[in-house]
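> Can you look at this prediction? I've put the sequence above it.
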Amino acid sequence: MFNIVKPCKVCSSFVLIPRVEKKIELGLLKEKLEKENYLINTYTGALISTEKKCKINIYSSGKTIIKTKDSKLVEKLSKELSNILYPKEPDV
């Protein structure tokens, strides 16, 4: 559900850009992240700063910054966060 962008060669972070525009309800997201064992560092209403193997900032727009140089970890977290942020509708 994200496009992964590496902002620069010397920067130690990746930016995840949502493919679909959708305002994120950060209060609900905070609860979901806590259930998935993410450590919440900061919650401002416009931003959640969390950790799971690295620091992650999630904005209400869905834009997400993952602070690591490990691209494999970014891919794993991208899939995990996509499932949390944009869960698939159950089959009826």
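Happy to help now that I have it. Numbers count the residues shown, from 1 in each chain.

> Do a quick rundown of the strands in this structure.
In the chain, the strands defined using DSSP state E lie at 2-5, 14-18, 39-43, 47-51, 55-59, 64-67.

> could those go into a markdown table alongside distance to residue 86, mean pLDDT and mean neighbour count?
C-beta coordinates here come from the backbone N, C-alpha and C atoms, glycine included. Formatted as a markdown table, those follow (distance: least, Cβ to Cβ, whole Å; pLDDT from 0 to 100; neighbours: other Cβ atoms under 10 Å):
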| stretch | distance to residue 86 | mean pLDDT | mean neighbour count |
| --- | --- | --- | --- |
| strand 2-5 | 9 | 76 | 15 |
| strand 14-18 | 8 | 91 | 19 |
| strand 39-43 | 20 | 96 | 13 |
| strand 47-51 | 16 | 96 | 18 |
| strand 55-59 | 12 | 95 | 19 |
| strand 64-67 | 12 | 94 | 20 |
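
> Can I get those strands in JSON lines including distance to residue 73?
Shown next, in JSON lines, are the strands of the chain (distance: least, Cβ to Cβ, whole Å):
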{"stretch": "strand 2-5", "distance to residue 73": "12"}
{"stretch": "strand 14-18", "distance to residue 73": "9"}
{"stretch": "strand 39-43", "distance to residue 73": "16"}
{"stretch": "strand 47-51", "distance to residue 73": "12"}
{"stretch": "strand 55-59", "distance to residue 73": "11"}
{"stretch": "strand 64-67", "distance to residue 73": "8"}
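
> Would you tell me which of the ones you listed gets closest to residue 82?
strand 2-5 (5.9 Å; Cβ to Cβ).

> Given the closest one, what are its sheet partners and their directions?
strand 14-18 (antiparallel) (DSSP bridges).

> could I get the strand it pairs with in PDB with only the CA atoms?
Written as PDB, here are the backbone C-alpha positions of strand 14-18 (Å, rounded to 0.1, in the frame of the first residue of the first chain):
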ATOM      1  CA  PHE A  14      13.200   5.800   4.200                       C
ATOM      2  CA  VAL A  15       9.900   7.500   3.400                       C
ATOM      3  CA  LEU A  16       6.800   5.500   2.800                       C
ATOM      4  CA  ILE A  17       4.200   7.400   0.700                       C
ATOM      5  CA  PRO A  18       0.700   5.900   0.700                       C
END
